[in-house]
Every structure is written in C-alpha cells, then in structure tokens.
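Chemist: Let's see this in three dimensions:
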Amino acid sequence: MKKHWYHYLWIWSLIYFGMGFFNILFAWLGLISFSLPLILAIGFGNKLFCNRYCDRGQTLRALGQLGFSRRREMPAWMRSKAFRYGFMVFFFGMFGSVLYSTWLVFSGVQSLHEVVTLLWTWQFPWQWAYSGTVSPWAAQFAFGLYSLMLTSEVIALVTMLLYRPRSWCVYCPMGTLTQLICKVKAPVDS
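Modeler: Numbers count the residues shown, from 1 in each chain. Below you'll find the model as predicted:
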C-alpha cells in the first residue's frame with residue numbers, strides 16, 4: 001500500500017497529548033479536531049476528514065497494521081443507529097458540561113480545578129501542566145477538553161484492541177455528526 005502524507009497524521013495525536021501533558025493550554029488545539037470535520041462536511045458535503053485526515057483514525061490504522069488489533073467484527077449493537085446517536089448525544093452532553101464548568105470559573109462561582117478526568121469518572125491531579133499565566137477560565141476549558149479528548153482516545157484504543165482497527169470510527173461522535181450533515185446536504189433525487 002502506497003503511503004500518503006495523511007497516513008502520518010497519527011504523529012499529531014502524539015504531539016497533542018504530549019504537549020497537553022506538559023502544558024494544559026495546548027489542549028485548546030483539540031478544537032481543530034472538533035471544527036475541521038464540521039467545516040469539511042458543511043463546505044463539501046462529505047466525510048473526507050473522517051476517511052483520510054483524522055489523526056485518531058490514522059493512529060488506529062497504524063496500530064492495527066502493527067498487529068495491536070484482534071480484527072474481530074464489532075457487535076451489532078455497537079453499530080446500531082441507537083448506540084451511535086446515543087453516544088453522540090452523551091458525548092456532546094459531556095462537552096456541554098466542559099463549557100458549563102468553564103462558565104462557572106469565568107463567572108467566579110467556582111474555582112479552577114487542575115485535574116484531568118478520565119472516562120468521566122477518575123480525576124487525576126494535573127497541577128504541573130498549568131503555570132497560572134492565563135485566566136483561570138481558559139485553563140478550566142483546557143483541562144476539560146483534554147479530559148474529553150483523552151477519554152475518547154482511551155475508548156478508541158480499547159475498541160481497536162478488541163475489534164477492527166478503526167472500529168471507533170463506526171460510533172465516533174464527530175463522525176456521526178458529520179454523517180448527519182452530509183445526509184442533510186445530499187441532493188434529493190426527484
């Protein structure tokens with residue numbers, strides 16, 4: 001198989017998580033992963049980002065090629081519309097909670113929580129990654145976004161280990177949303 005430049009986008013995942021480990025403010029770069037799929041789906045009506053340019057998809061593909069995947073078929077319930085849409089709603093609800101906690105810090109109701117939460121449950125102290133150089137609300141958003149990105153990365157890796165390499169892509173919240181956008185933009189046959 002011929003390698004293209006986008007096959008190396010897995011490096012971006014390493015850079016993103018590495019930079020966020022040492023300075024949480026780099027977590028803001030995760031908004032690229034949120035906005036680019038939407039921009040391309042709205043602008044061009046396709047899932048080009050998901051199919052080619054997603055760094056997570058390229059990471060899963062590369063790890064699968066290295067033999068880290070069992071290459072088994074996913075259970076039907078994980079491929080169902082109900083699960084995909086339900087997970088998308090849940091995921092964006094969690095993003096809404098990141099925005100809400102950011103608002104609470106911005107408005108002074110709550111103080112900055114210098115923690116990274118994994119799988120929406122376990123909180124890990126992460127004080128070393130924030131030097132106090134920006135407003136606490138900006139740091140709160142970074143901690144929340146990094147938590148969300150790290151959680152979804154762990155879920156994607158576990159799914160890849162258990163099933164096919166890019167199994168995460170079947171129920172990825174951004175992929176589900178871009179698919180909905182593409183359906184809305186598709187011309188209706190008359």
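Chemist: any weak-confidence spans in the chain?
Modeler: 188-190 (pLDDT under 70).
Chemist: What segments of it are strands?
Modeler: Secondary structure of the chain (DSSP state E): strands at 115-118, 122-125.
Chemist: Out of those, which is closest to residue 77?
Modeler: Among the strands of the chain, strand 115-118 comes nearest to residue 77, with 24.2 Å by CB to CB. Where C-beta positions appear, they are placed from N, C-alpha and C, glycine not excepted.
Chemist: Now the most centrally placed residue in the chain: closest residue in space that isn't a chain neighbour?
Modeler: The chain has residue 149 as the residue nearest its centroid, 4.6 Å off, counting by CA atoms, centre = their mean. Nearest non-adjacent residue to residue 149, counting by CB to CB, 6 or more residues apart in numbering: residue 30, 4.7 Å away.
Chemist: Distance of the one you found relative to residue 16?
Modeler: 7 Å (CB to CB, to the nearest Å).
Chemist: List the residues that are in contact with both of the two.
Modeler: Listed as contacting both residue 30 and residue 16 by CB atoms under 8 Å, 6 or more residues apart in numbering are residue 149.
Chemist: More neighbours: which of these two?
Modeler: residue 16 (22 against 19; other CB atoms under 10 Å).
Chemist: contacting residues for that one?
Modeler: 26, 29, 30, 55, 149.
Chemist: if I look at the third one, how far off is residue 78?
Modeler: Right, the one you point to is residue 30. Distance from residue 30 to residue 78, by CB to CB: 24 Å.
Chemist: Could you do the last one as well?
Modeler: According to CB to CB, residue 149 and residue 78 sit 21 Å apart.
Chemist: before we move on, what about the first one?
Modeler: Taking CB to CB as the criterion, residue 26 is separated from residue 78 by 32 Å.
Chemist: What of residue 172?
Modeler: Counting by CB to CB, the gap from residue 172 to residue 78 is 12 Å.
Chemist: Can you tell me the closest non-neighbouring residue to residue 12?
Modeler: Nearest to residue 12 is residue 55, by CB to CB, 6+ apart, at 4.1 Å.
Chemist: what's the burial count for the one you found?
Modeler: Other residues close to residue 55 by other CB under 10 Å number 19.
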